[in-house]
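K.L.:
Provided below for reference: sequence and predicted model.
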Amino acid sequence: MRTALSLDPASDPIAALYRDHHGWLHTWLRKKLGCSHQAADIAQDTFVRVMGSRAQSSDTACWAESHAYLTTVARNLVVDHWRRQELERAYLAAIALLPEPEAPSPETRLLILESLLRIDKCLAALPAVTRRIFLRSQLDGLIYADIATEMELSLATVKRHMSRAFLACLQAA
């Protein structure tokens with residue numbers, strides 16, 4: 001059974017969590033990121049994520065009393081932020097090599113970058129073996145039989161991993 005979010009800030013554990021912990025979380029994030037604006041954004045995202053998890057679970061006692069839960073959520077968001085930045089830098093470096101007439105428009109760049117981020121998130125969620133098989137096939141152009149030989153797996157196993165990877169990509173789209 002879901003619990004409704006309280007509209008009374010005095011009795012809402014999320015409001016109390018925010019009031020009691022936002023300051024140190026913002027400071028911690030600012031030190032990690034070196035930017036107050038990014039720290040503020042990620043601090044807000046942290047509390048939004050906490051609110052979302054609270055909506056799914058009425059047991060807030062496990063995290064409302066410590067910094068550990070907030071730190072874990074914020075750390076994961078920082079890692080996501082760094083991955084996005086790294087992927088964006090790599091994409092921009094790749095398109096900078098294109099001749100001017102072939103360079104995508106800013107709108108197209110944004111759409112492509114958003115797609116790359118979804119693909120990256122999808123691939124990161126795959127088991128390591130599945131991800132490696134998928135990348136060897138899709139990026140390196142190896143056929144399934146060559147991947148099976150290289151990784152000392154059966155052809156059926158490679159096909160099974162590829163099916164899982166394609167299904168994950170379709171679900172991400």
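P.N.:
Cool, got the structure.
K.L.:
going forward, measure contacts and count neighbours with C-alpha atoms only.
P.N.:
Fine.
K.L.:
so how far does stretch 48-67 reach from one end to the other?
P.N.:
Using Cα to Cα, to the nearest Å, the end-to-end distance of stretch 48-67 comes out at 16 Å.
K.L.:
break this structure into its domains for me.
P.N.:
Listed by automatic domain parsing, the domain ranges of the chain are 9-105, 126-173.
K.L.:
in JSON lines: the ones you listed, plus mean neighbour count, distance to Glu114 and mean pLDDT.
P.N.:
Below are the domains of the chain laid out as JSON lines (neighbours: other Cα atoms under 10 Å; distance: least, Cα to Cα, whole Å; pLDDT from 0 to 100):
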{"stretch": "domain 9-105", "mean neighbour count": "15", "distance to Glu114": "9", "mean pLDDT": "82"}
{"stretch": "domain 126-173", "mean neighbour count": "15", "distance to Glu114": "11", "mean pLDDT": "92"}
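K.L.:
mind checking which of those domains is nearest Ile112?
P.N.:
domain 9-105 (9.0 Å; Cα to Cα).
K.L.:
quick one on the thing from earlier: export the domains of the chain as TSV, with columns for distance to Ile119.
P.N.:
Below are the domains of the chain laid out as TSV (distance: least, Cα to Cα, whole Å):
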stretch	distance to Ile119
domain 9-105	11
domain 126-173	7
